[in-house]
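K.L.:
build me a model from this:
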Amino acid sequence: MSKFAVLTLFVVSSAFASTPNIDVVYGTDNRMDLYQVTNALHKTLAQSTAGMIPVNQMKKSAAPNTFELINFKTLGQAENICQGEAFVDQPVAPICSGFLVGPDLLVTAGHCYKSFATPEQVCKSFAWVFDYNKKTPGADPTKNMSLNNIYLCKSIVEAQMSNTVDFSIIRLDRKVVGRAPLKFRDSGKVANSTELVVIGHPTGLPTKVSPNGKITKNTEPTTISTTLDTFHGNSGSAVFDAKTGMVEGILIQGKTDYRPSIASNPDSCMVVNKCDETAKNCAAGNEGGTIANGEVVLRIDLIAAKIKKALSAK
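P.N.:
Alright, predicted model coming up:
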């Protein structure tokens, strides 16, 4: 996942070239579309995750109470991704990911709102959309989006943004129907051996479930470092204990997502950055600072009291 400053909408580049397929991040690329997921727990957890999509990209469909996306691009068009890369022809739309923690309460990364000069305007300009996914190989998630899956931001309960504390708690315009709020850790510390799974919208794609994440550093007071395969657009994604489904944290930051396919030509089409399973030896170069040990996850127990306070508010 790129630095949290990457929040502008995707742009088109016409520079495409032939390149070998490099579709891995930390070892093997674990990202899966929903129809590829066989773990029943992970499929259930995905129902309570959402994508943050501009309201002006939605218009009413012919069918009653449905919407469709307009003016969207494919991943290849938006990021100048080389043909042959994973998901290159899929549509991109969400700029951030989030997850349900109460009947009308959603959590995401702080920078999804605080990176902009007027967070309140962001609240008005973006909707939270559930089920933006591919349930079958041929499904088009941009069509026939049910109104029951689209929620507006009523208010920002609280938002903070820094390298180590980065979260937003959002009040939606109404209670979410047909989806269970997720359980989250409110005390204690995740075990070093815990296998992680992240669910969200990497690079604005339809929902991707990415399991087999490992913890590479668990000594920082506010964050965990991991080998989760995440990208910008995953900001705000719930990071789960893969076995219990407990939310352990919020994806907030990570290494460079893509690199030029021809190292000597920065205008060549882009391929996924590859690192080894220890978060080292990255094709785009090793990066220091908070992302030196991989993708950064905010410990959710740090904001558990704030979430509970918001849940109890009338």
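K.L.:
touching stretch 156-173 from outside, list them.
P.N.:
4, 98, 104-115, 119-120, 123, 128, 151-155, 220-223, 236, 250, 252-253, 289-290, 298, 302-303, 306-307, 310 (C-beta atoms under 8 Å, 6 or more residues apart in numbering). Bear in mind the C-beta positions are built from the backbone N, C-alpha and C, glycine included.
K.L.:
go on, stretch 113-129?
P.N.:
By C-beta under 8 Å, 6+ apart, the residues outside stretch 113-129 that reach it are 4-5, 7, 50-56, 58, 94-95, 98, 106, 112, 145, 149-156, 159-161, 168, 170, 172.
K.L.:
got the end-to-end distance for it?
P.N.:
16 Å (C-alpha to C-alpha, to the nearest Å).
K.L.:
give the buried residues for it.
P.N.:
Within stretch 113-129, the residues that count as buried by 16 or more other C-beta atoms under 10 Å are 113-115, 119, 122-123, 126-129.
K.L.:
burial count for residue 266?
P.N.:
Residue 266 has 10 neighbouring residues, counting by other C-beta atoms under 10 Å.
K.L.:
heads up, I number from 31, so please use that
P.N.:
Shifting the count to begin at 31 puts that one at residue 296.
K.L.:
just give me the closest of the buried residues of stretch 143-159 to residue 307.
P.N.:
Of all those, residue 307 sits closest to residue 145, with 30.6 Å by C-beta to C-beta.
K.L.:
between which two of the buried residues of stretch 143-159 is the distance greatest?
P.N.:
144 and 159 (21.2 Å).
K.L.:
out of the contacts of stretch 186-203, which are inside helices?
P.N.:
Using DSSP state H, the members of the contacts of stretch 186-203 that fall in helices are 141-144, 149-150, 153, 336-337, 340.
K.L.:
report the beta-bridge partners for the residue nearest to residue 224 when sequence neighbours are not counted.
P.N.:
Using C-beta to C-beta, 6 or more residues apart in numbering and skipping the chain neighbours, the partner closest in space to residue 224 is residue 271 (5.5 Å). Taking DSSP bridges, one obtains residue 226 as the residues bridged to residue 271.
K.L.:
quick one: residues contacting residue 271.
P.N.:
220, 224-226, 278.
K.L.:
out of these, which are buried?
P.N.:
220, 224, 226, 278.
K.L.:
the second one and residue 245 touch, don't they?
P.N.:
Yes. At 6.4 Å, residue 224 and residue 245 qualify as touching, with contact defined as C-beta atoms under 8 Å.
K.L.:
distance check, the residue nearest to residue 224 against residue 218.
P.N.:
12 Å (C-beta to C-beta, to the nearest Å).
K.L.:
what does residue 136 give?
P.N.:
Using C-beta to C-beta, residue 136 is found at 24 Å from residue 218.
K.L.:
those two: who's more crowded?
P.N.:
residue 136 (26 against 8).
K.L.:
next, the contact list for the more buried one, please.
P.N.:
With C-beta under 8 Å, 6+ apart, residue 136 has these contacts: 80, 128-130, 158, 181, 199-200, 202.
K.L.:
take those and lay them out in a markdown table including distance to residue 324 and pLDDT.
P.N.:
Below are these laid out as a markdown table (distance: C-beta to C-beta, whole Å; pLDDT from 0 to 100):
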| residue | distance to residue 324 | pLDDT |
| --- | --- | --- |
| 80 | 25 | 98 |
| 128 | 22 | 98 |
| 129 | 21 | 98 |
| 130 | 26 | 98 |
| 158 | 27 | 98 |
| 181 | 32 | 98 |
| 199 | 26 | 98 |
| 200 | 27 | 98 |
| 202 | 31 | 98 |
